[in-house]
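Q: coords below, sequence missing:
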Ligand code: S3P
């Protein structure tokens with residue numbers, strides 16, 4: 001797919017429903033006994049895997065009225081302790097969030113046997129980071145070579161534990177909080193840095209006792225979860241591609257409406273404002289505990305910045321975009337403390353630096369991030385998504401901001417989180 005230089009980015013756009021929150025809504029709804037309506041559930045490859053997984057476990061999940069990117073999903077769950085065994089493997093596809101959250105629920109079922117597997121990318125991502133702490137709670141979880149999918153789980157009685165995570169990860173934290181709902185005694189999870197808190201917000205809405213003290217989250221066991229309705233806000237991580245496009249393409253003015261603005265997700269805005277970006281923000285009243293609002297983005301010249309390790313979790317999925325911003329900024333942009341990028345859908349330190357260098361950027365990988373020397377423009381060329389949705393969309397935005405356009409090989413990977421991306425880009429160019 002080819003993306004030509006854009007003369008400007010203008011108009012208004014509503015980002016697709018949040019992927020992280022959609023995964024959690026389907027899983028937590030499946031844990032309830034009473035029906036739950038998920039409004040604006042993301043219709044994309046990743047979240048289709050989650051809907052299929054809960055159906056395999058015995059839940060009913062029916063798609064209702066649908067918009068272009070989201071749909072109503074009516075879920076009748078199986079109850080917190082009612083997940084049914086599955087004969088075949090549960091296929092998570094490309095979805096790391098499903099792969100890491102679901103075992104937390106299944107491990108605490110008193111019985112049952114499950115095997116979770118996924119695509120090539122899932123099979124290279126570390127799963128010992130959930131298996132080890134779950135085992136400390138009494139779980140039976142086995143990984144291939146002790147570390148990778150497939151992951152085999154036998155349901156057991158769990159006991160609470162105090163976890164100190166060596167790596168900040170919302171997926172691992174969420175997995176252990178779900179297990180904690182079913183364990184005897186309380187469970188706490190401490191992280192080196194704060195990560196996205198969608199699980200905490202949703203579990204609280206469902207009646208669980210979740211308390212946060214600094215970087216430590218505590219959850220108490222619960223009899224049942226009750227969730228009436230979940231309204232999924234727009235995905236800031238999807239909106240981010242357009243925030244960056246409108247900043248880089250001269251003469252742009254873009255309104256982004258109904259985006260999630262949870263502060264554990266919007267680190268990119270702080271980094272961009274530091275770089276000199278022109279972003280206006282209007283907060284709306286909170287919806288179910290999640291911050292939402294509108295953004296207006298106008299193009300602006302940028303100066304380089306350094307992203308420090310402490311802020312990395314707040315923009316973990318947007319760091320590829322920081323690399324692109326850095327190529328246009330005045331000075332050298334540095335990202336440090338982001339070695340976790342190597343464990344994402346692709347090794348994003350390698351794929352982002354190789355990919356953008358191929359388009360004319362002056363960028364070098366480091367052990368824990370990258371350094372980009374701003375050259376004020378990008379030539380263009382060809383980039384391969386390497387099956388990574390965020391790399392596919394990065395290539396498209398690079399094309400819009402480039403001098404000669406960009407061809408993205410494997411662009412179809414974008415459907416993992418944002419099937420309508422190319423159409424939306426066309427709408428605003
Ligand atoms: C996610 C958490 C992050 C993020 C991923 C989605 C989630 O991963 O990169 O895209 O939904 O909890 P980690 O928690 O592994 O950092």
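A: Structure's in. What do you need? Note that this is a predicted model, so its numbers are computed, not measured.
Q: list the buried ones in stretch 74-91?
A: The neighbour-count check on stretch 74-91 (16 or more other Cβ atoms under 10 Å) flags 75-81, 83, 86, 89-91 as buried. Any C-beta I mention is one placed from the backbone N, CA and C, and that applies to glycine too.
Q: tabulate those (JSON lines), appending secondary structure, distance to residue 191 and pLDDT.
A: Output for the buried residues of stretch 74-91, formatted as JSON lines (DSSP: H, G, I helix; E, B strand; the rest coil; distance: Cβ to Cβ, whole Å; pLDDT from 0 to 100):
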{"residue": "75", "secondary structure": "strand", "distance to residue 191": "29", "pLDDT": "98"}
{"residue": "76", "secondary structure": "strand", "distance to residue 191": "34", "pLDDT": "98"}
{"residue": "77", "secondary structure": "coil", "distance to residue 191": "28", "pLDDT": "98"}
{"residue": "78", "secondary structure": "coil", "distance to residue 191": "30", "pLDDT": "98"}
{"residue": "79", "secondary structure": "coil", "distance to residue 191": "29", "pLDDT": "98"}
{"residue": "80", "secondary structure": "coil", "distance to residue 191": "25", "pLDDT": "98"}
{"residue": "81", "secondary structure": "coil", "distance to residue 191": "28", "pLDDT": "97"}
{"residue": "83", "secondary structure": "coil", "distance to residue 191": "27", "pLDDT": "97"}
{"residue": "86", "secondary structure": "coil", "distance to residue 191": "31", "pLDDT": "86"}
{"residue": "89", "secondary structure": "coil", "distance to residue 191": "30", "pLDDT": "96"}
{"residue": "90", "secondary structure": "strand", "distance to residue 191": "27", "pLDDT": "98"}
{"residue": "91", "secondary structure": "strand", "distance to residue 191": "29", "pLDDT": "98"}
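Q: tally up the residues packed near residue 142, please.
A: Around residue 142 sit 14 other residues, with neighbours defined as other Cβ atoms under 10 Å.
Q: check the one 3 residues further on too.
A: Using other Cβ under 10 Å, residue 145 is surrounded by 6 other residues.
Q: show me the contacts for the closest residue to residue 427 other than its chain neighbours.
A: Of all residues not flanking residue 427 in the chain, residue 11 sits nearest, at 6.6 Å (Cβ to Cβ, 6 or more residues apart in numbering). The contact partners of residue 11, by Cβ atoms under 8 Å, 6 or more residues apart in numbering, come to 254-255, 427-428.
Q: distance-wise, check residue 11 relative to residue 357.
A: Distance check for residue 11 against residue 357: by Cβ to Cβ, to the nearest Å, it reads 32 Å.
Q: same question for residue 144.
A: Look at residue 144 and residue 357: by Cβ to Cβ, they are 33 Å apart.
Q: and if you look at residue 66?
A: The separation that residue 66 has from residue 357, given Cβ to Cβ, amounts to 40 Å.
Q: who has more neighbours, these two?
A: Between residue 66 and residue 357, residue 357 has the larger neighbour count (other Cβ under 10 Å), namely 17 against 13.
Q: the more buried one reaches residue 363, doesn't it?
A: Yes: contact between residue 357 and residue 363 holds when scored by Cβ atoms under 8 Å: they sit 5.5 Å apart.
Q: tell me, how many neighbours does residue 175 end up with?
A: Residue 175 has 27 neighbouring residues, counting by other Cβ under 10 Å.
Q: so it: helix, strand or coil?
A: Taking DSSP: H, G, I helix; E, B strand; the rest coil as the rule, one finds residue 175 in the helix state.
Q: and the spatially closest residue to it that is not a sequence neighbour, how far from residue 374?
A: Setting aside the residues directly before and after it, residue 175 is nearest to residue 104 in space (Cβ to Cβ, 6+ apart), at 3.6 Å. Between residue 104 and residue 374 the computed distance is 43 Å (Cβ to Cβ).
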